[in-house]
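Novice: Here's a sequence, model it:
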Amino acid sequence: MQKLKKNLVVGVLVAGLIAPISAMATNGYFSRGYGMKAKGMGGAGIAYGQDGLAAATNPANMVLVGNRVDFGVDLFSPDRSTEVVGSQIGTVQYDPNADNIFFIPEFGYNQMINNSMSLGVSVFGNGGMNTSYKKPVGLFGSSNAGVNLEQLFVSPTFSMKINDKQSIGVALNLVYQTFKATGLEGFTGSSPQYSSSPTNLTNKGKDTSTGYSLRLGWTGKITDTVTLGATYQSKADMSKFSKYKGLFAEQGDFDIPETYGVGIAVKATPKVNVAFDITQINYSGVKAISNPLMPNLGSAQLGNNAGAGFGWKDMTVYKLGVDWQQAANLVLRAGYNHGSQPIPNSETFFNLLAPGVVEDHFTGGATWTLQNKSELTVAVMYAPKKTVSGSNSIPSGGEANLSMSQYSVGVAYGWKF
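Specialist: Below you'll find the model as predicted:
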């Protein structure tokens, strides 16, 4: 049995390294949480690590979860709809859901070195974005428009207890991302020339980028029932998407924003835990994401440092979760995740490609301890429809309107050793 488990661990890790991490868009384009247990609690976990994916939220928690292995997959389904109203082509509704089911794998492993130190690795999808239109968007080009962004994190982690109440941790995030865009031929012309590199803007197939960042964390038990946590992740310095250097600002540079957050976990009763996180995502630190459409589109070419982007704002996310030890072999979970969506009303035109506008997420989940002491965890999520209507959003006149709702269901299997 042990040999089988070890072989399974190796197989899942290899699969995680080579599998495409399919696109998601929950807190902007970041995932609502990492690890199936945290996902069932609205993503909360800065002060409450529960599995081998804990390093994705706060690496200080890895030394607290002990020796364990976890792997799982989340089935994610966004329902997107967009329309262009009152423009030169009239009112047109679009369906960007040619691809609408995505599988997001995850893997976590943690090994105690001694009673106060651990080494581990977490493999997970940090986030992403997808639109796949069923017909051309006339203001963009002549072929079916769409984008696909995927981000894979492989995070080796060291965690240690500095005393019996506090722990710290550090994770090196090794990042691999892919991107492709189609249907943007309208920006490749020479009069006017919107792009600094028109032949590297659309329909170039999949491009890849690699980079790294650091995540630091602290967890401290303040009383017998209250634990605090804090974490910081630096901006990921990524290599450029050379095939799309005529689309993204800074010649195809698409770094991953810095994030940081604080959390609290309270043992409300011997069987009930409550966790609450506040997380900040600084989209403004990445020009390809945060540069506004106007006046940039008229004053600088796409691909230049001041080239037009998606106009996203920074985002503060609130995550609240609760779990209940309902029986000796059953834990039930519920959660709520809220973040004001990052797209201003004036920036909806380019965001026809990236309508990450959902704000509220309702989650639930459960873990069953099986007879062999392994664990089976499920998590579900529903994000109700959110609509953002454009205001002076299309330079040539008219408005672009964006809507999205989301569903997901995931399952994970883990065991302690």
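Novice: Pull out the buried positions in stretch 130-150.
Specialist: Residues of stretch 130-150 classed as buried by neighbour count (16 or more other Cβ atoms under 10 Å): 130-133, 136-141, 143-150. The C-beta positions use only the backbone N, C-alpha and C, and glycine is treated the same way.
Novice: for that stretch, how far is the first residue from the last?
Specialist: 9 Å (Cα to Cα, to the nearest Å).
Novice: Run the chain-centre distance for it.
Specialist: Put simply, stretch 130-150 sits 21 Å off its chain's centre (Cα atoms, centre = their mean, to the nearest Å).
Novice: do stretch 161-169 as well
Specialist: Worked out by Cα atoms, centre = their mean, stretch 161-169 lies 28 Å from the chain centre.
Novice: could you pull out the helices for this structure?
Specialist: Using DSSP state H, the helices of the chain run over 2-18, 36-39, 62-65, 249-252, 287-290, 296-299.
Novice: Can you tell me which of those has the worst average pLDDT?
Specialist: Of all the helices of the chain, mean pLDDT reaches its minimum on helix 2-18 (a mean of 46).
Novice: Tell me where the stretch 51-200 of the chain has strands.
Specialist: Taking DSSP state E, counting those that start in this stretch as the test, the strands found in the stretch 51-200 of the chain are 68-87, 90-94, 102-114, 117-136, 144-161, 166-182.
Novice: could you redo the ones you listed as CSV and give each row distance to Met294 and mean pLDDT?
Specialist: Listed next are these as CSV, based on distance: least, Cβ to Cβ, whole Å; pLDDT from 0 to 100:
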stretch, distance to Met294, mean pLDDT
strand 68-87, 15, 94
strand 90-94, 21, 91
strand 102-114, 32, 96
strand 117-136, 21, 95
strand 144-161, 20, 97
strand 166-182, 20, 97
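Novice: wait, which of those strands is closest to Phe30?
Specialist: With Cβ to Cβ as the criterion, Phe30 lies closest to strand 117-136 of these, at 4.1 Å.
Novice: Report the inter-axis angle for the closest one versus strand 68-87.
Specialist: Interaxial angle of strand 117-136 relative to strand 68-87 (axes from the mean of the first three to the mean of the last three Cα atoms, to 10 degrees): 30 degrees.
Novice: which other helices and strands contact strand 117-136?
Specialist: Other helices and strands packing on strand 117-136, by 3 or more Cβ pairs under 8 Å, 6 or more residues apart in numbering; DSSP states H and E, are helix 2-18, helix 62-65, strand 90-94, strand 102-114, strand 144-161.
Novice: Please identify the most buried of the ones you listed.
Specialist: Comparing the helices and strands packed on strand 117-136 by mean neighbour count (mean count of other Cβ atoms under 10 Å), helix 62-65 comes out on top with a mean of 27.
Novice: what comes into contact with it?
Specialist: Outside helix 62-65, the residues within contact range by Cβ atoms under 8 Å, 6 or more residues apart in numbering are 49-52, 54-55, 110, 112, 116-118, 120, 157, 159-161, 167, 169, 219.
Novice: Could you do stretch 158-170 as well?
Specialist: By Cβ under 8 Å, 6+ apart, stretch 158-170 touches 55, 58-64, 115-120, 157, 171, 214-222.
Novice: Now render the helices and strands packed on strand 117-136 as CSV, adding distance to Ile289.
Specialist: Below are the helices and strands packed on strand 117-136 laid out as CSV (distance: least, Cβ to Cβ, whole Å):
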stretch, distance to Ile289
helix 2-18, 26
helix 62-65, 30
strand 90-94, 22
strand 102-114, 21
strand 144-161, 11
